[in-house]
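**Q** whatever this is, show me its structure:
(one chain, ligands or ions: 1)
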Amino acid sequence: METKEAAAQEKEAPRKTRGVPEGIQRTRDIIEKAMEGGGQERVAAQKAKGKFTARERIHYLLDDGSFQEFDLLVTTRCDDFGLSDKHIPGDGVITGIGRINGREVCIFAQDFTVLGGSLGLAHAQKICKIMDLAYDNRVPVIGLLDSGGARIQEGVDSLDGYAEIFYRNVKCSGVIPQISVILGPCAGGAVYSPALTDYVFMVEGISHMFVTGPDVVKAATGEDVSFDTLGGSAVHSAKSGVCHFVAKSEPDCFRQLRELLSYLPQSRWEKAPTMANPDPIRRGTPVLETFVKVDPRKPYRVHHVIFQIADEHKFFEVQTNFAKNIVVGFLRMGGEVVGVIANNPAHMAGALDIDASDKAARFIRFLNAFNIPILTLVDVPGYWPGVQQEHAGIIRHGAKILYAYSEATVPKVTVVTRKAYGGAYIAMSSKHMRGDMNFALPSAEIAVMGPKGATEILYSREIAKATPEEQTALKDKLAKEYADKFASPYQTARSGSVDEVIEPTQMRYKIIRAFKFLREKRKPGENPGTGNIPL
Ligand code: HXC
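**A** Sure, this is the predicted structure:
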């Protein structure tokens, strides 16, 4: 992490302003002119929309004085459709290297004041150069996007430019972290490249993403739709799942991005950074004892459990508003970064549906690619039933979780807190899916299905023979007998599919101890490279 001394070293020394040799003055003039972007009028228009300029964005995101720009003097390569008098140095994108929290990053920022931030040949080549630099030097690449997509005047050259970027996005996938920040109306290729990256940020009110904008939609389908309704941050964070983080403002967005990076390694050849941990690893979590008594049908937010076990109660959630039935994100335990996947009984009883499967599977694959250990907290009644889910492909999507966990070779620790039924029990990093250490609280119910459903199938004839009055009492009795035998952790512990039944108050320590033991299970870069394919 950055020290004060290192930051001070970066402070630029004041430059001579008088008696500057002619050659140097000429360079200064060229650079100054090039830095104007689309000119004062367009910059004012950008500001009037409540947006920073591309240059300000880089300044606010990176560590003070750390930015070093490349290709400022590269210009537009096309003369068609009136572009001959619009050759603006930089071609609408600022590229370079800098530092965040003292660690190197490569960055590009599209400048909407220059031809709407649209992507032509030179613009694309600049982005590709910076992506190659990030790949070769194993550092994250960050894109600040504010672009109308392929530059229409440049025809196929701009499409080819996007193809080159997409190709690199895939090559970098699972190798270096790739982060996209949407900071304007982004269309066409300007949304497909972010979709190939690991994380997408949006800012309320100013960020929009769509394959084609409202005007084209109106012409093609007759639908009248606003920017926000078509592709605003609310839509993409809650409905489509395209966006992972929503911010209230650009500064808030940059703060979140800096925090995200603090949990990530620079590449697949590194571990995530360890932090000094003032929180005792043996800190008890007695609050979790309420689980032992909790009614199995009572909803609760799994965040409360995560906050209890995390170092200093800190949890950085990913995709907060999408598929709320599963919660994923980063925390530290004993100073080490851990990624958590947790069923959330407060939403759809924590069942797995299509969106939850996609969300969890992609996050698991990200963690595996970047050497981050996986903690799984299980309280799941099953896969969500119904015609809608079946027809939309819950079998195909649900299988992604099975695939992701089986494939993951990073350390995996699982705790069953309450329900773990059927296929969902298997899916949530169960022992035979190669969970490394699997714990259960005394409140765990691990079974093929819930007591009520199970006994109504097993004893359907006996129940049918009883009078309606007798039926309720009989069902309750049978369900209780079943629950006593199967809906507990002990049957599973007897078979070895749970390594240990632990007391709730020990939960934090047991997890940290397990991850400490598993620390050297896999060395960074040892795994066959797995990309983080969009799911
Ligand atoms: C050239 C463009 C442009 C583009 C915007 N501009 N998009 N120039 N190519 N793709 C220019 C505008 O002409 C305008 O120039 C300036 O940028 C600002 O744009 P406005 O329309 O005034 O701004 P706004 O009202 O905010 O609308 C922004 C917008 C809209 C929603 C992005 O411009 C728009 O719909 N653009 C087209 C988006 C699109 O369909 N792109 C398709 C790309 S196809 P002046 O000089 O008038 O100020 C693609 C293929 C890749 O990307 C596919 C990969 C799978």
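**Q** need the next SSE after the worst-scoring helix or strand of the chain on mean pLDDT, C-terminal direction.
**A** Per-element confidence for the chain was summarised using mean pLDDT, DSSP states H and E. The lowest value among helices and strands belongs to helix 4-10, with a mean of 66. Of the helices and strands lying after helix 4-10 in sequence (DSSP states H and E), the nearest is helix 22-34.
**Q** tell me the helix or strand right after that following helix.
**A** Under the assignment DSSP H and E, the closest C-terminal helix or strand after helix 22-34 is helix 40-48.
**Q** kindly export that next one (C-alpha atoms) in PDB.
**A** Coordinates of the C-alpha atoms in helix 40-48 are reproduced here as PDB (Å, rounded to 0.1, in the frame of the first residue of the first chain):
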ATOM      1  CA  GLN A  40     -14.200  24.600 -24.400                       C
ATOM      2  CA  GLU A  41     -17.700  24.400 -25.700                       C
ATOM      3  CA  ARG A  42     -17.900  20.700 -25.600                       C
ATOM      4  CA  VAL A  43     -16.200  20.500 -22.300                       C
ATOM      5  CA  ALA A  44     -18.800  22.900 -20.900                       C
ATOM      6  CA  ALA A  45     -21.600  20.700 -22.300                       C
ATOM      7  CA  GLN A  46     -20.000  17.700 -20.600                       C
ATOM      8  CA  LYS A  47     -19.900  19.600 -17.300                       C
ATOM      9  CA  ALA A  48     -23.400  20.700 -17.700                       C
END
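**Q** please begin residue numbering at 52 from this point
**A** Taking 52 as the first residue, the last one we looked at is helix 91-99.
**Q** give the buried residues for it.
**A** When neighbours are counted by 16 or more other CB atoms under 10 Å, the buried residues of helix 91-99 are found to be Arg93, Val94, Gln97. All C-beta spots, glycine's among them, are computed from the backbone N, C-alpha and C.
**Q** the residues you listed into TSV, with extra columns for distance to Arg545 and pLDDT?
**A** Conversion of the buried residues of helix 91-99 to TSV gives the following (distance: CB to CB, whole Å; pLDDT from 0 to 100):
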residue	distance to Arg545	pLDDT
Arg93	71	92
Val94	70	93
Gln97	66	94
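**Q** as CSV, those residues with distance to Thr280 would be great.
**A** Compiled in CSV, the buried residues of helix 91-99 are given as follows (distance: CB to CB, whole Å):
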residue, distance to Thr280
Arg93, 27
Val94, 29
Gln97, 23
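**Q** with respect to Gly473, which of these is nearest?
**A** Minimum distance to Gly473 across those is 53.7 Å, recorded for Gln97 (CB to CB).
**Q** if I look at that closest one, how far off is Leu166?
**A** Using CB to CB, to the nearest Å, one obtains 13 Å as the distance from Gln97 to Leu166.
**Q** please enumerate the shared neighbours of the two.
**A** Common neighbours of Gln97 and Leu166 (criterion: CB atoms under 8 Å, 6 or more residues apart in numbering): none identified.
**Q** in the stretch 252-401 of the chain, what residue lies closest to the ligand?
**A** Nearest to the ligand, among the residues of the stretch 252-401 of the chain, is Gly264, at 3.4 Å (CB to the nearest ligand atom).
**Q** below-threshold pLDDT in this protein: ranges please.
**A** 52-62, 343 (pLDDT under 70).
**Q** mind listing the helices for the stretch 202-351 of the chain?
**A** With DSSP state H, counting those that start in this stretch applied, the stretch 202-351 of the chain shows helices at 207-223, 240-247, 265-272, 278-282, 284-285, 301-313, 341-344, listed in chain order.
**Q** related to what we said a few turns ago, counting neighbours, what do you get for the closest residue to the residue of the stretch 252-401 of the chain closest to the ligand other than its chain neighbours?
**A** Excluding its sequence neighbours, the residue lying closest to Gly264 (CB to CB, 6 or more residues apart in numbering) is Ala238, at 5.3 Å. By other CB atoms under 10 Å, 21 other residues sit near Ala238.
**Q** Ala238 pairs with what?
**A** In this structure, Ala238 bridges to Phe261 when assessed by DSSP bridges.
**Q** distance of it relative to the ligand?
**A** Distance of Ala238 to the ligand, computed by CB to the nearest ligand atom, to the nearest Å: 4 Å.
**Q** residue contacts, that residue?
**A** With contacts defined as CB under 8 Å, 6+ apart, Ala238 is in contact with Ser198, Gly199, Gly200, Met260, Phe261, Val262, Thr263, Gly264.
**Q** out of these, who has the most neighbours?
**A** Taking other CB under 10 Å to define a neighbour, the member of the contacts of Ala238 with the most is Ser198, carrying 30 neighbours.
**Q** let me see the contact set for it.
**A** Residues in contact with Ser198, defined by CB under 8 Å, 6+ apart, are Gly143, Gln161, Phe163, Gly167, Gly168, Ser169, Leu170, Gly235, Cys237, Ala238, Ala241.
**Q** out of the buried residues of helix 91-99, which is nearest to the ligand?
**A** With CB to the nearest ligand atom as the yardstick, the closest approach to the ligand among these comes from Arg93, at 7.2 Å.
**Q** neighbours of the closest residue to the ligand within the stretch 352-501 of the chain, how many?
**A** Residue nearest to the ligand within the stretch 352-501 of the chain: Arg413 (20.2 Å; CB to the nearest ligand atom). Other residues near Arg413 come to 22 when the count uses other CB under 10 Å.
**Q** what about it, which helix or strand?
**A** With secondary structure defined by DSSP H and E, Arg413 is part of helix 405-420.
**Q** ok, Leu525 next?
**A** Secondary-structure assignment from DSSP H and E places Leu525 in helix 519-536.
**Q** for Gly141, same thing?
**A** Using DSSP H and E, Gly141 falls within no helix or strand.
**Q** which stretch of helix or strand covers the nearest residue to Arg333 once chain neighbours are set aside?
**A** Once flanking residues are discounted, Arg333 sits nearest to Tyr560: 5.0 Å by CB to CB, 6+ apart. Element membership for Tyr560 (DSSP H and E) is helix 558-569.
**Q** quick one, longest strand in this structure?
**A** Once the chain is assigned using DSSP state E, the strand that runs over the most residues is strand 463-472.
**Q** which element follows that strand toward the C-terminus?
**A** Read in the C-terminal direction, the helix or strand following strand 463-472 is helix 473-478, with elements assigned using DSSP H and E.
**Q** now do the contacts for the residue of the stretch 252-401 of the chain closest to the ligand.
**A** Pro236, Ala238, Phe278, Leu281.
**Q** adding distance to Gln317, write these out as TSV.
**A** Supplementary listing: the contacts of Gly264 in TSV, determined by distance: CB to CB, whole Å:
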residue	distance to Gln317
Pro236	32
Ala238	31
Phe278	36
Leu281	36
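**Q** if you rank these by neighbours, which is first?
**A** Pro236 (23 neighbours).
**Q** please look at that one and Ser169 and confirm they touch.
**A** No - in this structure Pro236 lies outside contact range of Ser169 using CB atoms under 8 Å: 11.3 Å.
**Q** buried residues, the helix holding Leu525. List them.
**A** With burial defined by 16+ other CB under 10 Å, the residues of helix 519-536 counted as buried are Leu525, Lys526, Leu529, Ala530, Tyr533, Ala534.
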